[in-house]
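K.L.:
coordinates for the following, if possible.
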Amino acid sequence: MPALSTGIYVLPKEGLDQQTPHQSDEIYYVISGWARMKITRDGQAPEDRLVVGGTAIFVEAGTEHRFHSIEEELVVLVIFGPAED
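P.N.:
Prediction:
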């Protein structure tokens, strides 16, 4: 199994992000767009971050997270480690 896998994730303006926690760690790199991301780590208050082109975010495996309040189409490079099937 490869150590990493990648993909492009695109969400339209005002779209809904319906992803669920993944079994791999993830790095999101926002190529373009404007939105917010809510990350809920175990035992901590939810984090709500602005994401725009150039933003990078690390999300640990099993962590609840989703993009929301998408004001401009969001284009994101996502990197999974270890690789997702």
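K.L.:
so what sits opposite the one residue sitting closest to the centre of the chain in the bridge?
P.N.:
The centroid of the chain falls nearest to residue 28 when counting by Cα atoms, centre = their mean (5.1 Å). Here residue 28 sits in beta bridges with residue 57, residue 78, going by DSSP bridges.
K.L.:
was I right about it contacting residue 54?
P.N.:
No. Using Cβ atoms under 8 Å, residue 28 makes no contact with residue 54, being 11.7 Å away. Heads up, the C-betas are built off the backbone N, CA and C, glycines and all.
K.L.:
who's in contact with the residue nearest to the centre of the chain?
P.N.:
9, 37, 51, 55-57, 59, 76-79 (Cβ atoms under 8 Å, 6 or more residues apart in numbering).
K.L.:
would you turn these into JSON lines with pLDDT and distance to residue 85?
P.N.:
Formatted as JSON lines, the contacts of residue 28 follow (pLDDT from 0 to 100; distance: Cβ to Cβ, whole Å):
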{"residue": "9", "pLDDT": "96", "distance to residue 85": "16"}
{"residue": "37", "pLDDT": "97", "distance to residue 85": "24"}
{"residue": "51", "pLDDT": "97", "distance to residue 85": "26"}
{"residue": "55", "pLDDT": "98", "distance to residue 85": "27"}
{"residue": "56", "pLDDT": "98", "distance to residue 85": "24"}
{"residue": "57", "pLDDT": "97", "distance to residue 85": "22"}
{"residue": "59", "pLDDT": "96", "distance to residue 85": "18"}
{"residue": "76", "pLDDT": "98", "distance to residue 85": "20"}
{"residue": "77", "pLDDT": "98", "distance to residue 85": "19"}
{"residue": "78", "pLDDT": "97", "distance to residue 85": "14"}
{"residue": "79", "pLDDT": "97", "distance to residue 85": "15"}
